[in-house]
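*Asks:* the amino acid sequence is not available; the structure is as follows:
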């Protein structure tokens, strides 16, 4: 398993897999031929019969046959490979070794590409053969895992699953092939995570967003979360982060500390909010050095009415360079909340000062130090090479060397600058009128912040330096910070100025590496950005960088898309992107480009899906987070306060009524909806379900209706002929069949949600709007039923169909059997409408 990801902080090493025979005895025959030669009946192996020979002989055969045979059968399909490279001798003897597997897969990919140019038929045959080898490996592997008489050790069996999964990952990475086979590694990983004390919510998120191997690797990662029994947690909710304000206790940095709380000037906070601004906290040291360590421990307590060696002031927030501030994003379960007052213990104030003081300098210093040491290289010469890294790295080493560290270290050590920051605990008043106004300003707070700092107790238990990108992003993705809806909103509003605080300082999210080092400094000003870009060019010329070394970013992106190099690390990063994709959708620049309906809809869909895996202590807060994250303009921000003044059950309807576009997926998701004319299709809240439809509806000018473009059916008559009722109006049938006379196809329509008990809706013309046209999915998905919405009072006016939302339905092809009693006389005549059909839904 040497090709798997290795974390800096790993709970335990991957298992060692011994070679069961004295040497590799696989001779290059096909799998069936080799089994026959060794005297094994494959059919009996397929039936889980592993008793044909003694256990030791069978174990040796299975390892040679399945492990080395699969390697040779796939990688050596064009030319035999050296199987001995997959064996290594250590202090215990011979063992399996897969250090070269990724490189071999990359070479094999090149061979298949060359074969495709030479003979497409031979290429298809080679890929078909690879699939057949995988099918054999997959079948026997599952037989072994489910057998009570497995001659292989659990570790050796697992190695076969890891090998097969690696092949399938490469098929999907290279050619988007390999759907359908599973190797059970998700279940293995989930069992390991549960045994290690992971929360069921984190396990469920890992299973949903990580493919098999990245999740399996993550199960070997060390965790340092707060001690907590997750027995009562669920796959949707971690109780560790659920806050009960009646019992919540603000924590001190160390057990037994009894320092006093520091309460910022409440009158000044209210005055700033009344003036239309937002407050920030300004901490200034009154002593040469604050008595706190990097880890935030404090040995002194504040005197009564004071803040010890720190002066605490309240200032008005500003984006001016001279008064820049940082926004702090945290989870209350880490102890930095306070439901009773806008105060924190002095030791926590001291911790914040030490953690935030010189944060930007710390980031710059670490970067420059790495440049001087020559540690920063290209992220990948096929992916993220930028023209500034090479010249700066060469220049720093040639000109400055170690001198820079000798100069800046004393400055860094004795810095004593003021720290300005915004934090909800200290800056959002508890009294409701001011609280609502402060919450409605959060967009402005995070947009103007110089940097947003994520404080998470588990992340701060690890050092970021020395960790791979995939380890960092995996830790970020399963942190406590990722469980909360409020922190999603804060991350969404922070855009690319967000930093995750580890024990050794701030770290950027290692995804979408387009952000320049200077992004949070000079490059935030377009004028200085132009000047610095010119200086970069001159600096590159000065140290002799040749033109051919400056690869255009567009070309790098094309090279990355080619996916010609296999890397499990890249797969892990791609998987991890899905955890943050909703946040990324909200990072679209607030420009004229954003006003395009497509971009507005993408933001709404991304934010909705990002919040889906987040929880709040108060369900009504989910809508606040959603509406705030979706707001893009100043005018939208102003109406947020009005929405917050409404009863929470009316907020979603009012929000929809203000939007120029809405996601089409709202029509098809489960959950409670409004029972009001014109809004029966609108969900009453932000339900924790996925919006898996990327289409959208556009508001009709001078109207409250939205125009959706979707396929569907117009049904020629009402459904009253097909509706049977018990006494009291209860429906007894939950499906009907429609017949498209143009294509001759029949479709069954079943109710996902119960239709109204009163059957009056079924008396008029009806229609069905579909999320996707039935039969439009890829063949490997089979005959999938598509989700739709049933409309009553349907009428065609020109090129549009108008109708009233009734409930969700599912539509699939109706396969007629010999004993099917359905006849065309009983069928409802319908007409299929194309994907571009316009619908106005009331």
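*Replies:* Structure received. Note that the structure is predicted; figures quoted are calculated from it, not measured.
*Asks:* low pLDDT regions in the stretch 351-500 of the chain?
*Replies:* Applying pLDDT under 70 to the stretch 351-500 of the chain picks out residues 358, 360-416, 496.
*Asks:* show me where it has its strands.
*Replies:* Ranges of strands within the stretch 351-500 of the chain are 419-422, 451-455, 498-502, based on DSSP state E, counting those that start in this stretch.
*Asks:* centroid residue for the chain?
*Replies:* Centroid-nearest residue in the chain: residue 579, 0.8 Å away (criterion: Cα atoms, centre = their mean).
*Asks:* and the closest residue to residue 832 other than its chain neighbours, how close does it get to residue 784?
*Replies:* Spatially, and ignoring its direct neighbours in sequence, residue 832 is nearest to residue 740 (5.0 Å; Cβ to Cβ, 6 or more residues apart in numbering). For every residue, glycine as well, the C-beta is placed using N, CA and C. From residue 740 over to residue 784 the distance is 18 Å, taken as Cβ to Cβ, to the nearest Å.
*Asks:* for stretch 54-69, give me every contacting residue.
*Replies:* Under the criterion Cβ atoms under 8 Å, 6 or more residues apart in numbering, residues 19-21, 24-26, 31, 34-35, 38, 40, 50-53, 83, 86, 96, 133, 136-137, 140-141, 144, 151-153, 156, 159-160, 163 lie in contact with stretch 54-69.
*Asks:* one more pass at 6 Å, please.
*Replies:* Contacts to stretch 54-69, defined as Cβ atoms under 6 Å, 6 or more residues apart in numbering, come from residues 20-21, 24-26, 31, 34, 38, 50, 83, 137, 151-152, 160.
*Asks:* equivalent analysis for stretch 757-773, please.
*Replies:* Applying Cβ under 6 Å, 6+ apart, the external contacts of stretch 757-773 come out as 668, 693, 710-715, 718-720, 723, 729, 786-794, 801, 803, 806, 839.
*Asks:* follow-up on the earlier one: wait, which of the strands of the stretch 351-500 of the chain is closest to residue 124?
*Replies:* Residue 124 lies closest to strand 498-502 among the strands of the stretch 351-500 of the chain, at 46.3 Å (Cβ to Cβ).
*Asks:* report all helices and strands that the closest one contacts.
*Replies:* strand 451-455 (3 or more Cβ pairs under 6 Å, 6 or more residues apart in numbering; DSSP states H and E).
*Asks:* give me the sheet partners of the strand it packs on and which way each runs.
*Replies:* Strand 451-455 has its sheet partners listed here by DSSP bridges as strand 326-330 (parallel), strand 498-502 (parallel).
*Asks:* residue 105 - that's part of a helix, no?
*Replies:* Yes: counting by DSSP: H, G, I helix; E, B strand; the rest coil, residue 105 is found in a helix.
*Asks:* please name the nearest non-neighbouring residue to it.
*Replies:* Using Cβ to Cβ, 6+ apart, the closest residue to residue 105 is residue 566 (4.3 Å).
*Asks:* for the one you found, which three-state class applies?
*Replies:* Relying on three-state DSSP, one would call residue 566 coil.
*Asks:* worst-scoring helix or strand of this structure, pLDDT-wise?
*Replies:* Every helix and strand in the chain was compared by mean pLDDT, DSSP states H and E; the lowest is helix 526-542, with a mean of 43.
*Asks:* before we move on, the earlier item: any idea which helix or strand carries the residue nearest to the centre of the chain?
*Replies:* helix 568-585 (DSSP states H and E).
*Asks:* does residue 597 really touch residue 661, like I thought?
*Replies:* Yes: here residue 597 reaches residue 661: they are 4.6 Å apart, a contact under Cβ atoms under 6 Å.
*Asks:* those two - which one has more neighbours?
*Replies:* residue 661 (20 against 13; other Cβ atoms under 10 Å).
*Asks:* contacting residues for that one?
*Replies:* Residues 597, 600-601, 696, 698 are the ones in contact with residue 661 under the rule Cβ under 6 Å, 6+ apart.
*Asks:* how about the secondary structure of residue 81?
*Replies:* coil.
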